[in-house]
Every structure is written in structure tokens, then in C-alpha cells.
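Student: Quick one, structure for this:
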Amino acid sequence: EPFLDRVHFGSSRAVCGTMKVVVALAATASALVAPVAKVAPTTVVEAKSAAMPFLECPAALDGLDYPGNVGFDPLRFTDSDWNMAEVIIPKERWMGEYAEIPMVYWMREAELKHGRICMLAVVGWLTVDAGIHFPGEKYTGIDALHAHDAMLASGNMGVMLLFAAVAELTSMVSVVQAAKGSGREAGDFGLDPLEFCGNPDTKKFMLEAETTHARLAMLGFSGLCTQSALLESHTFPYLS
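Tutor: Coordinates of the predicted model:
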């Protein structure tokens, strides 16, 4: 029995020594391994609209390189996933491949068209109220507010409607070509007789200026019509 006790005691000491060696090796190995950095949870922050910082910028406008883009679309029209090429040319009338025309392209086209019309309308309204008319008795004494009814009564409105129809149909040719994949930029009709947009830097400035003036003209023409009608005022600045 004393012999067995000595054997058992010796084996226990051997096991303890082995465990100490294993623990020491594990500690050394862990010291050689680079600590893993804890990754903090990331939170996706939505970009804010530059025009209305309390609202999120619509995804279609975020980072979009369009002249005048300030992330303004509070009604989120540009969130639509429609391919406007299929709206411009119905499928039953076109057997070819469609281009990808997002809603933001169509909204840009509409904004420029209405803005350009309003820039012309502001000039025309102020010109008429400044007393500048076509020669002829039937144009004498007409103010801008009542010019529509006067031209309708005289029959001139039919000619104006014809000119507007020709301009509209002509412009739609470019839009249809864009739907077929011409690569045309929204609102681009190649009209630059003085070559202001010959230089890329100058072109960028002119496109920004056009967009700004187009938006101001839309607001300004609405104000002209409203104030002139409410106050029955027919002379600039329409205050009395």
C-alpha cells in the first residue's frame, strides 16, 4: 500500500506539472495574437435636403448632378419607379428597346419647360402693361390682365394657339428620341445661337442660372397675375 500511495502521488504531481505547462503556453500564445477591435454598431443617417434641412433628401436626388439640384421634392414625386419612356411611347406603338428615363428626368423636363414659358410670360406681361402693343386700333388700351379675353374676341387667339401647338409638337420629337435612347439631356433642344455653352465651365454656370431664373419666373408670374387681379392694378409694381 505505501508503494501504491507513492505511485499515485507521483502521477498526480506529473498531471499538475503538465497542466501548468499547458496554461503557460496558452497565455504566451494569447499574448502574441493581436487583439480584435470591437466594431461599434453603425447607424445609417439619411441625407438631408439642402432646400429643406428638416426633411430627408429623396433618394433619387441624393448626389444627383443636375443643375439646381438642392434636394427639393417634399411630395416625393421622384420616388416613383416608373420608366417614363414607356409612358412617352406606349408599348403597342413601339417594338424596339426602351431607354431608361426615371421620373426625375421627366420632372426636370417639365420644370424647364414651364420655367421658360414663365420667363417669356413675365416679359410679355410687363411689356403690355408698359403700354407697348402691336400697331392697330384693336390693340389700343389693352392691359395684360384682360388681353386674353380681348384676343379671344378679336380672333387672334387661334393664331397664338397654332404657334403653341407647333412648338409643342416640335419639342416632343426630342423627347420621343430620348425615350428611344438618344441620350439627350432633359430640356436640351440644342438652342445656343451665341454659343454660351461652348466652354464646360460656362455651360455649368449658364444651366444653373437658367434653372434659378426659371423657378423665380414661375413664382413671379403667379404673383403678377394674382396681385393684378386682386387689386385691379395694371401698372408695375401692381400695388394700387
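
Student: how close does E56 sit to F77?
Tutor: 15 Å (C-beta to C-beta, to the nearest Å). Heads up, the C-betas are built off the backbone N, CA and C, glycines and all.

Student: Ok, C57 next?
Tutor: Distance of C57 to F77, computed by C-beta to C-beta: 14 Å.

Student: Which one of those two is surrounded by more residues?
Tutor: C57 (22 against 14; other C-beta atoms under 10 Å).

Student: quick one, phi psi at that one?
Tutor: Phi and psi for C57, reported as degrees, to the nearest 10, are phi -80, psi 130.

Student: Now do the contacts for it.
Tutor: Contacts for C57 (C-beta atoms under 8 Å, 6 or more residues apart in numbering) come out as 46-50, 71.

Student: For it, which non-adjacent residue is closest in space?
Tutor: Distances taken as C-beta to C-beta, 6 or more residues apart in numbering put G71 closest to C57, at 3.7 Å, once the chain neighbours are dropped.

Student: Low-confidence bits of the protein, can you list those?
Tutor: Residues of the chain that meet the criterion pLDDT under 70 lie in 1-46.

Student: Roughly how far does the residue nearest the centre of it sit from F72?
Tutor: Geometric centre of the chain, nearest residue: L61, 4.8 Å, by C-alpha atoms, centre = their mean. Per C-beta to C-beta, L61 is found 8 Å from F72.

Student: Give me the common contacts of those two.
Tutor: Taking C-beta under 8 Å, 6+ apart as the contact rule, L61 and F72 both touch S49.

Student: For stretch 121-136, give me every contacting residue.
Tutor: Outside stretch 121-136, the residues that touch it by C-beta under 8 Å, 6+ apart are 139-140, 142-144, 147, 217, 220-221, 224-225, 234-236.

Student: ditto for stretch 76-87
Tutor: For stretch 76-87, contacts defined as C-beta under 8 Å, 6+ apart pick out 58-61, 98-107, 178-180.
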